[in-house]
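Peer 1: structure, please.
(chains A, B, C and D)
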2 protein chains.
Amino acid sequence: MTLEPKRNSNAGTWSHRASGHRNVDIARSEDPDIGIPATCRICEARQGVVCGALAAAQLRELSRHSTRRKVDAGREIVAQGEEVTSYSNIMDGVVKLCKVMPDGRQQIVGLQFAPDFIGRPFVPESTLSAEAATPAEICVFPRGLLDRMIADTPELRHNLHAQALKELDAARDWMLTLGRRTAQEKVASLLYLIATHAEPETTSSTAFDLPLSRAEIADFLGLTIETVSRQMTKLRKQGVIRIENNRHIVVPDMDELERLVSA
Amino acid sequence: MTLEPKRNSNAGTWSHRASGHRNVDIARSEDPDIGIPATCRICEARQGVVCGALAAAQLRELSRHSTRRKVDAGREIVAQGEEVTSYSNIMDGVVKLCKVMPDGRQQIVGLQFAPDFIGRPFVPESTLSAEAATPAEICVFPRGLLDRMIADTPELRHNLHAQALKELDAARDWMLTLGRRTAQEKVASLLYLIATHAEPETTSSTAFDLPLSRAEIADFLGLTIETVSRQMTKLRKQGVIRIENNRHIVVPDMDELERLVSA
DNA sequence: ATTCCGATTTGATTCAGATCAAAATTCCTT
DNA sequence: AAGGAATTTTGATCTGAATCAAATCGGAAT
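Peer 2: Residues are numbered from 1 along each chain as shown, chains lettered A, B, ... in the order given. Below is the predicted model:
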């Protein structure tokens, strides 16, 4: 899902880790995957917000009209202000949601990870752009079809509603970061956010690859590239993180990092 | 309420807009208000997100268990981290949604106006506090009851979902303001936001009362009181606004103000 | 009216982060 | 493996907003 640190405690509710209460229970007499398309069975997003709420027949129809697509890093999936004619699921990779101003200043307003859903029911055009931050794989389906399924499927509506509320919380958490935290705290917040998404079993030590360049991190934190770089260096010199090849980060002690976020 | 003039116009807009498709059509043979509690008929929030979706019988039951309450400016309605046992509708006034850090730094993450709904379905406790910014009047009802109505009423679910998405958009717009705009642009953004909520018929000239103190404006914009004050003075000297009694603002030319927001 | 107290403005100074300008690294292509 | 472009780091300087410190204003109580 989107932002908010601390994800660990309730991460389970959402992503594939959520599949527990639905699929993992093998003691069932009939295979729950009967009639489910083969592509879906192995799909990252099978238990996601959208597909996790669909019946076998719906899944079959949706999959008939879906196309899996690879998206290069930096490639746009939905453009700001554009009319939206399709939705997608993220199968793999990280997608950033951006807002840009006419003069070019831009702000990343959310990050989405597999198996998140990208789309905005009820509104014809997108108020932001969605762009692959890493090489990504998405499953695209026509808007009208899913809108119809939304209309027919209470559980799907519920899931989308819950996702919207979760994103709202994440956005508001990030508002606090943008408005009231120092550069140091901002960078620590971002690292903490990524760490908790990349490596959900937060043992005391963690390692992960940054899905964002320094420029993108700056756009997420409302800082400049130089400030981000300096703060990363500072964290490195303080021993809070190790940096390998610019993108790979090791956090020897997550508690230390969390402390720097100041809640 | 500090905001008399604003309140009136605001009230007007919402009700006739909302009632248009439901109530105003007189050519109906039976009175659509039959069976609707008297308090509801004259209620600000009658056509709001919640009550606008309820049938007469539901409205009757809800109103039986609701209490109208006056809340002084600055008084808390919901506390951050507290378990939520009731929801409310704002009948009058402005409510601010805040997040505070352990060390006292705080950020306003949203403003709600009558007849908005305050509450957070699906989640037991609130991640933010809601506090009256102006003297306010709210209609409080027990959580369990509304949760049941939510379960029973598709239109209500839809309205709440749509409101969540609207708030999400607003939050993301504000993220751009917090992260990428200058102090001048931030203050202009806030004035523009209030102006467009207070005086929806945006003719070229507008006047309104600020529902927030300088300190609250600072907490909304991620600035200090002094910076807010200086920027207001600057806007005044530039002739973009006139300030009367600190709280009352006149904007001679809304286009000029909008220009300063830089989109 | 007068007094008082909190809110707001104004002024002087400081400082975190921006900007400008190279150097150093990484990584991509050949 | 070498070359070259892009990304990142580092350094020097500047500046917008924060901080510190008074004045002034405005509104409530007397």
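
Peer 1: tell me which element the closest residue to DNA strand C within the stretch 101-250 of chain A falls in.
Peer 2: Closest contact between the stretch 101-250 of chain A and DNA strand C, by CB to the nearest atom of the strand, is at A:Thr227 (3.1 Å). Just so you know, the C-beta spots here come from the backbone N, C-alpha and C atoms, and that holds for glycine as well. Per DSSP states H and E: A:Thr227 is located in helix A:225-237.

Peer 1: please see if that helix touches chain B.
Peer 2: No - using CB under 8 Å from any CB of the partner chain, helix A:225-237 never reaches chain B; the gap is at least 12.7 Å.

Peer 1: tell me, how many neighbours does the residue of the stretch 101-250 of chain A closest to DNA strand C end up with?
Peer 2: 18 (other CB atoms under 10 Å in any protein chain shown).

Peer 1: quick one: contacts for it?
Peer 2: Residues near A:Thr227 by CB atoms under 8 Å, 6 or more residues apart in numbering or on different chains: A:183, A:218.

Peer 1: relative to chain B, how far out is it?
Peer 2: For A:Thr227, the distance to chain B (CB to the nearest CB, to the nearest Å) stands at 13 Å.

Peer 1: that older thread, what residues of the helix holding A:Thr227 count as buried?
Peer 2: Across helix A:225-237, burial judged by 16 or more other CB atoms under 10 Å in any protein chain shown covers A:227-229, A:231-232, A:235.

Peer 1: okay, A:Val100: pLDDT?
Peer 2: Listed pLDDT for A:Val100 reads 96.

Peer 1: identify the residues contacting the nearest residue to it once chain neighbours are set aside.
Peer 2: In space, and not counting its chain neighbours, A:Val100 is closest to A:Gln106: 4.1 Å by CB to CB, 6 or more residues apart in numbering or on different chains. Applying CB under 8 Å, 6+ apart to A:Gln106 gives the contacts A:98-100, A:219, B:180.

Peer 1: how about the residue nearest the centre of chain A, phi and psi?
Peer 2: Note on chain A: the residue nearest the mean C-alpha position is A:Gln112, at 1.8 Å, using CA atoms, centre = their mean. The phi/psi pair for A:Gln112 (degrees, to the nearest 10) reads phi -120, psi 140.

Peer 1: do the one 5 residues further on as well
Peer 2: Phi and psi for A:Phe117, reported as degrees, to the nearest 10, are phi -100, psi 140.

Peer 1: next one: it from B:Gly74, what distance?
Peer 2: Distance of A:Phe117 to B:Gly74, given as CB to CB, to the nearest Å: 40 Å.

Peer 1: more neighbours: these two, which one.
Peer 2: Shown here are A:Phe117 and B:Gly74; by other CB under 10 Å, A:Phe117 has more neighbours (22 against 13).

Peer 1: quick check, that one in contact with A:Val49.
Peer 2: Yes - using CB atoms under 8 Å, A:Phe117 is in contact with A:Val49, at 4.7 Å.

Peer 1: find residues that contact each of the two.
Peer 2: Common neighbours of A:Phe117 and A:Val49 (CB under 8 Å, 6+ apart) are A:160, A:163.

Peer 1: interface residues of the stretch 51-200 of chain A facing DNA strand C?
Peer 2: Contacts of the stretch 51-200 of chain A with DNA strand C, taken as CB under 7 Å from any atom of the strand, map to A:182-184.

Peer 1: also near DNA strand D: which of those, exactly?
Peer 2: Residues of those in contact with DNA strand D (CB under 7 Å from any atom of the strand): none.

Peer 1: what are the boundaries of the helices in chain A?
Peer 2: Listed in chain order, the helices of chain A (DSSP state H) span residues A:7-11, A:20-23, A:38-41, A:56-64, A:143-152, A:154-180, A:183-198, A:214-221, A:225-237, A:254-261.

Peer 1: show me which residues of the third one are buried.
Peer 2: Looking back up the chat, that one is helix A:38-41. Under the neighbour-count criterion of 16+ other CB under 10 Å, helix A:38-41 has A:Cys40 buried.

Peer 1: hang on, the earlier thing: let's have the buried residues of helix A:225-237 in JSON lines, adding distance to A:Arg68 and pLDDT.
Peer 2: Listed next are the buried residues of helix A:225-237 as JSON lines, based on distance: CB to CB, whole Å; pLDDT from 0 to 100:
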{"residue": "A:Thr227", "distance to A:Arg68": "39", "pLDDT": "98"}
{"residue": "A:Val228", "distance to A:Arg68": "34", "pLDDT": "98"}
{"residue": "A:Ser229", "distance to A:Arg68": "36", "pLDDT": "98"}
{"residue": "A:Gln231", "distance to A:Arg68": "38", "pLDDT": "98"}
{"residue": "A:Met232", "distance to A:Arg68": "35", "pLDDT": "98"}
{"residue": "A:Leu235", "distance to A:Arg68": "38", "pLDDT": "98"}
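
Peer 1: tell me, how many residues neighbour A:Ile108?
Peer 2: Number of residues near A:Ile108 (other CB under 10 Å) recorded here: 24.

Peer 1: next: A:Arg60.
Peer 2: Neighbour count of A:Arg60, defined by other CB under 10 Å: 14.

Peer 1: do you know how far it is from A:Pro37?
Peer 2: Separation of A:Arg60 from A:Pro37 (CB to CB): 6 Å.

Peer 1: done for today, thanks.
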